[in-house]
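**Student:** Starting from these lines, generate the structure:
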Amino acid sequence: MKKTLMHRLIALFCLGWLTLSFPLLALWDQPLQVFGLPLLPAGLFAVWVVLIAALAWLMERGEG
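**Tutor:** Numbering: from 1, shown residues only. Prediction:
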């Protein structure tokens, strides 16, 4: 694995860790509804999907 890919994966991990940490999750804990779901689970699912999509994009992109 090349160093650039490794650095990008580490950066993605740090971004995921920060977005799923408690202080930022507390911002999502509001009494709002999105498509009939509470905001916190909808936000968690959206962040999770974006992180998985970014990881898939990085891995499929390869070294070039």
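
**Student:** same for the helix or strand harbouring G43, what does it pack against?
**Tutor:** Using DSSP states H and E, G43 sits in helix 39-61. Helix 39-61 sits against helix 3-19, helix 22-28, strand 33-34, with contacts defined as 3 or more Cβ pairs under 8 Å, 6 or more residues apart in numbering; DSSP states H and E. Quick note: C-beta positions are derived from backbone N, CA and C, even for glycine.

**Student:** Save those as JSON lines, and put in mean neighbour count too.
**Tutor:** Below are those laid out as JSON lines (neighbours: other Cβ atoms under 10 Å):
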{"stretch": "helix 3-19", "mean neighbour count": "12"}
{"stretch": "helix 22-28", "mean neighbour count": "11"}
{"stretch": "strand 33-34", "mean neighbour count": "12"}
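
**Student:** I'd like those written out as a markdown table, with mean pLDDT and distance to L55 added.
**Tutor:** Shown next, in a markdown table, are the helices and strands packed on helix 39-61 (pLDDT from 0 to 100; distance: least, Cβ to Cβ, whole Å):
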| stretch | mean pLDDT | distance to L55 |
| --- | --- | --- |
| helix 3-19 | 95 | 6 |
| helix 22-28 | 89 | 19 |
| strand 33-34 | 92 | 24 |
